[in-house]
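Undergrad: following is a predicted model, sequence given first.
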Amino acid sequence: MQVILRTDIAGLGYKNDILEVKAGYGRNYLIPQGFAVMATESNKKQLAENLKQAAHKAEKIKKDAEDLAAAIGDLTVQIAAKAGDSGKIFGRVTSIQISEALKAKGFDVDRKKITVEDVKTIGTYKATLDLHKEVKHVVTVNVVAEA
């Protein structure tokens, strides 16, 4: 079954992508939740017209994402966490904490656009910022023990 996505869905695709999905997934989840519409000929023509009109706006959004990635550069974010003597932290470092640390440095990145490996010990990790469907940026996260 072919569908046209209305929103970005992690692991599936981005807004306005035409995708082939299993029929049950499309009928029972994507379409009722409003995440997608059926990819009929009329919907495809409407999508093409909308994309043509939105091309200029999309270019500006992409340029803004590239500018943000350039501004962030090779930034290292430091996050303090409670840790035991062995270096294992209590709880874990999440994308919310990384988002707040970036916001403190002056960069507003939505927590949903940050992916980070499972952080359970003190050390240095890499977090990927999904700023645009064509712009991804890697930030170093340094996890240190709270004093």
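TA: Right, received. Where do you want to start?
Undergrad: so who does the residue most central in space within the chain touch?
TA: Centrality entry for the chain: nearest residue to the mean C-alpha point is K113, 2.3 Å, by Cα atoms, centre = their mean. Going by Cβ atoms under 8 Å, 6 or more residues apart in numbering, K113 touches L129, D130, L131. Using the backbone N, CA and C atoms, a C-beta is placed for each residue, glycine as well.
Undergrad: counting neighbours, which of those comes out on top?
TA: For the contacts of K113, the largest neighbour count, defined by other Cβ atoms under 10 Å, is 25 neighbours, found at L129.
Undergrad: how about that one, phi and psi?
TA: phi -100, psi 120 (degrees, to the nearest 10).
Undergrad: for A145, give me its contacts.
TA: Residues in contact with A145 (Cβ under 8 Å, 6+ apart) are A80, A81, K82, A83, G87, I89, I122.
Undergrad: can you name the residues bridging to it?
TA: A81 (DSSP bridges).
Undergrad: state the distance from it to A83.
TA: Separation of A145 from A83 (Cβ to Cβ, to the nearest Å): 4 Å.
Undergrad: identify the contacts common to the two.
TA: What both A145 and A83 touch, as defined by Cβ under 8 Å, 6+ apart, is the set I89, I122.
Undergrad: go through this protein and flag its longest helix.
TA: Assignment by DSSP state H gives helix 41-72 as the longest helix of the chain.
Undergrad: who does that helix touch, helix- and strand-wise?
TA: Helix 41-72 sits against strand 2-5, strand 123-132, strand 135-145, with contacts defined as 3 or more Cβ pairs under 8 Å, 6 or more residues apart in numbering; DSSP states H and E.
Undergrad: got the buried residues for the last one?
TA: This points to strand 135-145. For strand 135-145, a neighbour-count test (16 or more other Cβ atoms under 10 Å) marks V135, H137, V139, V141, V143 as buried.
Undergrad: and it, how far out from the chain middle?
TA: 14 Å (Cα atoms, centre = their mean, to the nearest Å).
Undergrad: can you check stretch 4-22 too?
TA: 14 Å.
Undergrad: and that stretch, average pLDDT?
TA: Taken as a whole, stretch 4-22 has a mean pLDDT of 92.
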